[in-house]
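Student: Predicted model and sequence follow; I will ask about them next.
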Amino acid sequence: MTESRVTLTIVYAALGILLFITLFPIALMVLNSVKPSTQIVQNPLAWPETFRWDNFTRAWEDARFARTLWNSLVLTATTIVLVCTTASLSAYVLARRKIKTWKIVTFYLLATTTAPIQLFLFPLYFGFARLGLINNPIAVAFIYTAVYSPFAIMLLRTYFLAVPKELEEAALVDGATQWQVFRLVFLPIVSPGILTVALIIGLYSWNEFLIATTFLQGRDNMTAVVSFFQLSGQYSSDWGEIMAAALIIVLPVVILFVALQRRFIEGMAGGSVKG
Amino acid sequence: MHSLYVLPTLIINVTIIAIPALLTVTLAFFQWDGISAPEFVGLENFEDLWYDRVFWTALTNNLIWTLIFLTVPVAMGLLAATMMLVARRGSTFFQVVYFLPVIIATAITARIWQGMIYSPVTGINGLLDRYGLEMANPLTQTATALYGIAVVDLWHWWGFLCVIFFAALRQVPAEQVEAARVEGATFWQVLRYVLLPGIRPTITLMLIMTVIWSFLVFDFVFILTQGGPAYSSEVLSTLAYRSAFYDLAVGKAAAVSVVISLFGLCATVFYIRAQAREFEE
């Protein structure tokens, strides 16, 4: 469509307003992360009179990020590995309709993607408590796997569907076993899909709040997001420090996102899950 | 042999979701504090909810929330997506920026808005107040708390819809748009008769998902107001959470969860029907 100059000006102006609305709170976070709290109280919009870089070191200490970022990393990595392995196995079978029950299994998985967390949270919590699995990041990784793998399977399914049938048949004629076909023919072709799934599941696990705050409450077991939540718990806190802590958690995610934005966006649009 | 491939997924999913979900449904008919033996009480939990003012507030809030999210972010997303289609140049840039709030952790988004915008001390609200514009913190007023939270979730959420709609709009065949233009259709007519019908399946799916998600909303409410002040921003999920872990009324929490699920179930039926069409190909 080629539009007149006037239309284009209006369009860009409107898109610009939305851009401003989107960036304004983020800019406030960045700007105030280097300001002393007294200056934030005076004017959150003002340029920093003095750059308080120690906001970051204090945030690092007070939110125990050395510990909690590591916890987040372990939890995220475990979840990624669990989801990618189990989901690619399932997606292969379901996409290729290898089992008679593929329909039932697919519908079951679709149904669980829409199940509210509260529907299984309470018995799960008391069950885990009885088994001594509270404050265990690996146990939480299994919860994430259960919650996120239907989405991963639906996304990977489309990648498996795109693999030509002839490739599979040729390998089978050559005497390859089913497992070899999966591992040597399919996995290399769908690997971009697996990478996309890993990125998105990683993002969700890193940011997740409800399950993490319920199951990982111990000082040394909580994730970075939960320790941020606790740090910022009181109104009296130093908002410079809080924004610095926020930036520490957000920055790696934003960098990764900007670098790999197409993968993120296509993946999230493909699976349609709210984070 | 191939059944073995789905086994890990199913074992994890059934242990974590299906079995506890069935237990929740059972627990809804029991009184339980999480420690001692559960006691069967029949429908008492549901009867209590029926007479519980907070429950009705929460349910109403969920419905208001659904209405807001079925309209505002969908309209914003569609509008921005079509504008990006018109602008063409820079659309990738706009897309990336609009998507940024989606990838920021909800706990962080909530705190930024709470401290930097809504707060009368450290936020923009306080600043405007000092310049003589009377701005109350919406989160501390019973009349506005829910909407204050909704604004934060809208900011977090609309970009996701925009990006999805934009991806769908780009799939609409260019010839159709060109043909309509040659016929002399205005931009609004193109939008109304070519573009919107072209992405109808996407819009439908997003509307269904919005209904499901609206009954699950938890993070922003829990972090920003804990359902307060005076339960004015309570939603079903925070009510269930508080009942289970703060009041140790697990039976009541289970009953609320069952109610949430019933609402979700209606939408889920539509969701599975919409998705199934794709699987039948």
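Tutor: Yep, that arrived.

Student: quick one: least confident helix or strand in chain A?
Tutor: helix A:261-271 (a mean of 77; mean pLDDT, DSSP states H and E).

Student: Residues in contact with stretch A:68-80: which ones?
Tutor: With contact meaning Cβ atoms under 8 Å, 6 or more residues apart in numbering or on different chains, stretch A:68-80 is reached by A:137-138, A:140-141, A:144-145, A:148, A:198, A:201-202, A:205-206, A:212, A:216, A:220-227, A:248-249. In this view, the C-beta of every residue, glycine as well, is placed from N, C-alpha and C.

Student: Now list the buried members of those residues.
Tutor: Buried residues within the contacts of stretch A:68-80, defined by neighbour count using 16 or more other Cβ atoms under 10 Å in any protein chain shown: A:137, A:140-141, A:144-145, A:148, A:198, A:201-202, A:205-206, A:212, A:216, A:221-227, A:248-249.

Student: quick one on the thing from earlier: is chain B within reach of the least confident helix or strand of chain A?
Tutor: Yes - Helix A:261-271 comes into contact with chain B when judged by Cβ under 8 Å from any Cβ of the partner chain, the residues involved being A:Q261, A:F264, A:I265, A:E266, A:M268, A:A269.

Student: Any chance you could list what contacts stretch B:249-259?
Tutor: Defining contact as Cβ under 8 Å, 6+ apart, one finds that stretch B:249-259 is touched by A:116, A:118-119, A:121-122, A:126, B:24-34, B:38, B:41, B:45-46, B:48-49, B:55, B:58-59, B:236, B:239-241, B:243-244.

Student: Pull out the buried members of those.
Tutor: Judged by neighbour count, with 16+ other Cβ under 10 Å as the criterion, the buried members of the contacts of stretch B:249-259 are A:116, A:118-119, A:121-122, A:126, B:24-25, B:27-32, B:34, B:41, B:45-46, B:48-49, B:55, B:58-59, B:236, B:239-241, B:243-244.

Student: just checking, which of these belong to helices?
Tutor: Where the buried ones among the contacts of stretch B:249-259 overlap with helices, as defined by DSSP state H, the overlap consists of A:118-119, A:121-122, A:126, B:24-25, B:27, B:45-46, B:48-49, B:55, B:58-59, B:236, B:239-241, B:243-244.

Student: I'd like to know which of the contacts of stretch A:68-80 are part of helices.
Tutor: Of the positions in the contacts of stretch A:68-80, A:137-138, A:140-141, A:144-145, A:148, A:198, A:201-202, A:205-206, A:212, A:224-227, A:248-249 sit in helices, assigned by DSSP H.

Student: Keep those, but drop any that are not near chain B.
Tutor: For chain B, the contacts drawn from the ones in helices among the contacts of stretch A:68-80 by Cβ under 8 Å from any Cβ are A:T145, A:W206, A:V225, A:V226, A:I249.

Student: What mean pLDDT does stretch B:257-266 get?
Tutor: Stretch B:257-266 shows an average pLDDT of 88 in the prediction.

Student: any idea how far the nearest residue to B:N45 once chain neighbours are set aside lies from B:W32?
Tutor: Counting by Cβ to Cβ, 6 or more residues apart in numbering or on different chains, B:N45 lies nearest to B:A255, which is 3.8 Å off, once chain neighbours are set aside. Distance, B:A255 to B:W32, using Cβ to Cβ, to the nearest Å: 11 Å.

Student: just A:T145 next, same as before
Tutor: With distances defined as Cβ to Cβ, the gap from A:T145 to B:W32 amounts to 28 Å.

Student: now do B:V163
Tutor: For B:V163 relative to B:W32 (Cβ to Cβ), the value is 44 Å.

Student: Quick one: neighbours of A:L23, just the number.
Tutor: Burial of A:L23, expressed as a neighbour count using other Cβ atoms under 10 Å in any protein chain shown, amounts to 15.

Student: Who are the packing partners of the one helix or strand it maps to?
Tutor: Applying DSSP states H and E as the criterion places A:L23 in helix A:5-32. Counting contacts by 3 or more Cβ pairs under 8 Å, 6 or more residues apart in numbering or on different chains; DSSP states H and E, the secondary-structure elements packed against helix A:5-32 are helix A:239-259, helix B:53-87, helix B:91-103, helix B:106-112, helix B:145-169.

Student: buried ones in stretch A:103-123?
Tutor: Buried residues in stretch A:103-123, counting neighbours by 16+ other Cβ under 10 Å, are found at A:105-106, A:108-123.

Student: let me fix that: stretch B:261-277
Tutor: By neighbour count, and taking 16+ other Cβ under 10 Å as the criterion, the buried residues in stretch B:261-277 are B:S261, B:F263, B:G264, B:A267, B:T268, B:F270, B:Y271, B:I272, B:Q275.

Student: Would you mark the buried spots in the helix or strand where A:L69 lies?
Tutor: In the assignment (DSSP H and E), A:L69 maps to helix A:65-95. By neighbour count on 16+ other Cβ under 10 Å, the buried set for helix A:65-95 is A:65, A:68-69, A:71-73, A:75-76, A:78-80, A:82-84, A:86-95.
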